[in-house]
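*Asks:* coords please:
(chains A and B)
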Amino acid sequence: MMKRVLAILPLLGVVVLVQLVTSWTGTQFYLTQMTMAAYYSLLIIGLCVLMGYAGQISLGHAGFFAIGGYLSAALTTQNLMAHQEDGVVRLLDAAGLLLAGHDLYGAEFLVVSPWLAAIIAVMVAAIIAVLIGIPVLKLKGHYLAMATLGFGIIIYRLVLASSWFGEADGISGVPPFVLLPGLVVSGESAGRVQNYYIAWGVLLLGLFLLLNLIHSRVGRALRAIHGSEEAADAMGVNVSRFKLQTFVLSAVFAAIAGVLLTHFNGGIGPSEAGVMKSVRYVAIVAVGGMAHLWGALIMGVLLNFLSLRGVFGSYDDAVFGLILILIMLFAPNGILSILARKKTQRVLPDSAEG
Amino acid sequence: MALLEIEKLHRNFGGLQAVSDVSFQVESGQIKAVIGPNGAGKTTLFNLISGALAPSSGTVRFRDREIQGRQPHEIAVRGMARTYQNIKMFSGMTALENVMVGCHIQGKAGFLASMLHAPWTWPEEKAIRRQSMELLELLEITDCAHIEATSLAFGQQRAVELGRALAMKPSLLLLDEPAAGLNIYETAEVGRLITRIRDLGVTVLLVEHDMSLVMDISDEIVVLCYGQKIAEDLPAAIQQNPEVIKIYLGE
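*Replies:* Numbering: from 1, shown residues only, chains lettered A, B, ... in the order given. Next up is the predicted model:
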């Protein structure tokens, strides 16, 4: 485990360095996109374990992100003042699970506290992942891709059609999320540095957990399933259960990313649930090298940051489509594999002598 | 009580009777071979025993329990291991990691414990690593431990596959053509290895085309032809069996 901690330390150094450089050069506005990119990357490293290690594709992960984001947004913006006397609301209030205050215009509001909303949102995402995963993970290859795509489309159309989710406008006015006293997820510019560190803290924690996972008994079983499902099964690996658990795990990562980014942005819109978002996540995992958590993380941060800065302009989605094509054609094992190939070519002659 | 009892096993694919009415037993401590011409149904028989296929009818009893129609991983937990004709290495994993997957059923660490690297999983992980290294030593492929398994020579891959199966500490080991693709020296080596595995207390059931190997190491031989058992006897008797000779040499 120390190895994993030590491996993450340099990255932590870079994170701190980026923050210091932006504050010296007065370019702290970059931190906003770095924060958002970190949350998207949390989803991407979860998807990386599903795709690269368990060998299952999902074209519906924006759906899980949206379930997390939309549910916590809806719950924390739905004013319960009118239902103040209802038994459930009073019970929640007594348990300290509601948040009271005044909105911009001075009107009183009473909403579900972000913590409770987040827990509900993530649990719902996990339950939906189980319900979707049981039938769908029996499928392979293209069929699995199609089925998860179908799921993504359903979620997208649901949030677009439902007034509870704000239809085409989405949900805005999502309150800040007080993680711990003094530690608040919100988009206020005063909290920019703090939020940058929260997002990166969550991402690095997620990376640490997943690195532990893939270097464990479970990780070996997942890679074995990827290598040969039949042989893994014959070795006592409960293939369908491991696939399902990985699917749920990646859905939970996506939902947590959705919850936190929604509080950071103060809202969420239907484009977050869009199919193009799912395609983008898959493209980024592919660029990173499928079975390569570090690659997924680096590419996730880099490409999302560029996209959020508007570097790709209105060709944004087209760029990610192009990336997917180019990667499949020229570097199916990811960008980093090109570098790795050069390295092995240099190593081979030496080892051949020995 | 025999370790493995197969009774009236049938399997058809559409109209084709791949295995029909096959019955035999494997006693504990035996090396038993299944031979027969191509398409005799040997691999199908293996798939029926290991759970990769469900039989159309008939029973498979393993360690006094009916296992037909069970999932392969459930049968594996009961102590049955197998290898494949076309070695199914876990690509992207080293030889050592391949063998460590074989130790899967010994471990308990789940998703949460693994992600948290919980202290109680450390001894388990250590034991798995140690045992796997010991198996690589037994198979004399310690040098290959940290090399990606799919890039090893064919003979070494066979050894890794065997190590993977032995790591499961099986009471019954099914070997599907363990000498396929090996030269005569390597084949002889595999023969010695199988005998050694039997001496370690593992019962062996193998499918093999190499007659000299089969005659050398088997205690008993079952002959299949077109899905049916046509003979079951000691090696010497099988060699004299006119029906078997007819199948192999033609009339």
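
*Asks:* which ones are touching the nearest residue to residue A:309 once chain neighbours are set aside?
*Replies:* Of all residues not flanking residue A:309 in the chain, residue A:33 sits nearest, at 5.6 Å (CB to CB, 6 or more residues apart in numbering or on different chains). Bear in mind the C-beta positions are built from the backbone N, C-alpha and C, glycine included. By CB atoms under 8 Å, 6 or more residues apart in numbering or on different chains, residue A:33 lies in contact with A:304, A:305, A:308, A:309.

*Asks:* just residue A:150 next, same as before
*Replies:* Residue A:150 is in contact with residue A:60, counting by CB under 8 Å, 6+ apart.

*Asks:* Now it: phi and psi?
*Replies:* Per-residue torsions, residue A:150: phi -60, psi -40 (degrees, to the nearest 10).

*Asks:* same check, this time on residue B:13
*Replies:* Taking degrees, to the nearest 10, you get phi -110, psi 100 for the backbone angles of residue B:13.

*Asks:* got it, and residue B:90?
*Replies:* Dihedral angles of residue B:90 (phi, psi; degrees, to the nearest 10) stand at phi -80, psi 110.

*Asks:* so it sits right up against residue B:101, yeah?
*Replies:* Yes. In this structure residue B:90 lies within contact range of residue B:101 using CB atoms under 8 Å: 6.2 Å.

*Asks:* Can you work out which residues contact both of the two?
*Replies:* Common neighbours of residue B:90 and residue B:101 are listed as A:224, A:232 (criterion: CB under 8 Å, 6+ apart).

*Asks:* show me where the chain has strands.
*Replies:* Unless you meant another one, I'm taking chain A. Applying DSSP state E to chain A gives strands spanning A:98-102, A:108-112, A:171-172, A:177-180, A:183-185, A:267-268.

*Asks:* Chain B was what I was after
*Replies:* With DSSP E as the criterion, chain B has strands at B:4-13, B:16-26, B:31-35, B:57-62, B:65-66, B:80-82, B:172-176, B:203-207, B:220-225, B:228-233.

*Asks:* nearest to chain A, of those?
*Replies:* Taking CB to the nearest CB, strand B:80-82 is the member of the strands of chain B nearest to chain A, at 5.4 Å.

*Asks:* pLDDT averaged over the closest one - what is it?
*Replies:* In this model, strand B:80-82 carries a mean pLDDT of 96.

*Asks:* That strand pairs with which strands?
*Replies:* Paired with strand B:80-82 in the same sheet, following DSSP bridges, are strand B:172-176 (parallel).

*Asks:* Residue B:102: neighbouring residues, count only.
*Replies:* When neighbours are counted by other CB atoms under 10 Å in any protein chain shown, residue B:102 registers 30.

*Asks:* Now it. Nearest residue, chain neighbours left out?
*Replies:* Closest residue to residue B:102 in three dimensions, ignoring its sequence neighbours and counting by CB to CB, 6+ apart: residue B:167, at 2.9 Å.

*Asks:* Need phi/psi at that neighbour.
*Replies:* Per-residue torsions, residue B:167: phi -60, psi -20 (degrees, to the nearest 10).

*Asks:* dump the residue contacts of the residue of the stretch 251-354 of chain A found nearest chain B.
*Replies:* Distances between the stretch 251-354 of chain A and chain B by CB to the nearest CB are smallest at residue A:291, namely 6.4 Å. By CB under 8 Å, 6+ apart, the residues touching residue A:291 are A:48, A:52, A:53, A:223, A:226, B:92.

*Asks:* that older thread, could you dump the contacts of residue A:33 to a markdown table with neighbour count?
*Replies:* Shown next, in a markdown table, are the contacts of residue A:33 (neighbours: other CB atoms under 10 Å in any protein chain shown):
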| residue | neighbour count |
| --- | --- |
| A:304 | 23 |
| A:305 | 18 |
| A:308 | 18 |
| A:309 | 14 |
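
*Asks:* low-scoring stretches of the stretch 251-354 of chain A, by residue?
*Replies:* Applying pLDDT under 70 to the stretch 251-354 of chain A flags residues A:339-354.

*Asks:* Around chain B, which positions in it sit nearby?
*Replies:* residue A:291 (CB under 8 Å from any CB of the partner chain).

*Asks:* At which residues are the helices of the stretch 251-354 of chain A located?
*Replies:* A:275-288, A:293-308, A:316-330, A:335-353 (DSSP state H, counting those that start in this stretch).

*Asks:* Out of those, which one sits most buried?
*Replies:* When you average the neighbours per residue for each of the helices of the stretch 251-354 of chain A (mean count of other CB atoms under 10 Å in any protein chain shown), helix A:275-288 leads with a mean of 24.

*Asks:* for that one, packing partners?
*Replies:* Counting contacts by 3 or more CB pairs under 8 Å, 6 or more residues apart in numbering or on different chains; DSSP states H and E, helix A:275-288 packs against helix A:30-48, helix A:61-77, helix A:141-161, helix A:293-308, helix A:316-330, helix A:335-353.

*Asks:* can you tell which of these is closest to residue A:237?
*Replies:* Comparing those against residue A:237 with CB to CB, the closest turns out to be helix A:141-161 (18.7 Å).

*Asks:* tilt between that closest one and helix A:61-77?
*Replies:* Computed with axes from the mean of the first three to the mean of the last three CA atoms, to 10 degrees, the direction of helix A:141-161 lies at 30 degrees from that of helix A:61-77.

*Asks:* leaving aside the residues next to it on the chain, what's closest to residue B:129?
*Replies:* Take residue B:129 and drop its neighbours on the chain: the residue closest to it by CB to CB, 6+ apart is residue B:100, 6.7 Å away.

*Asks:* Geometric centre of the chain: which residue is closest?
*Replies:* The chain I'm using is chain A. Central residue of chain A (CA atoms, centre = their mean): residue A:43, 1.7 Å from the mean position.

*Asks:* My question was about chain B, not that one.
*Replies:* Central residue of chain B (CA atoms, centre = their mean): residue B:174, 2.1 Å from the mean position.

*Asks:* how about that residue, what does it touch?
*Replies:* The contact partners of residue B:174, by CB under 8 Å, 6+ apart, come to B:46, B:49, B:50, B:80, B:81, B:82, B:83, B:205, B:206.

*Asks:* which residues sit in contact with the second one?
*Replies:* In this case it means residue B:49. Contacts for residue B:49 (CB under 8 Å, 6+ apart) come out as B:4, B:6, B:60, B:62, B:80, B:174, B:205.

*Asks:* top of those residues by neighbour count?
*Replies:* Sorting the contacts of residue B:49 by how many neighbours each has (other CB under 10 Å) puts residue B:80 first, at 28 neighbours.

*Asks:* Pull the contacting residues for that residue.
*Replies:* By CB under 8 Å, 6+ apart, the neighbours of residue B:80 are B:49, B:50, B:62, B:170, B:171, B:172, B:173, B:174.
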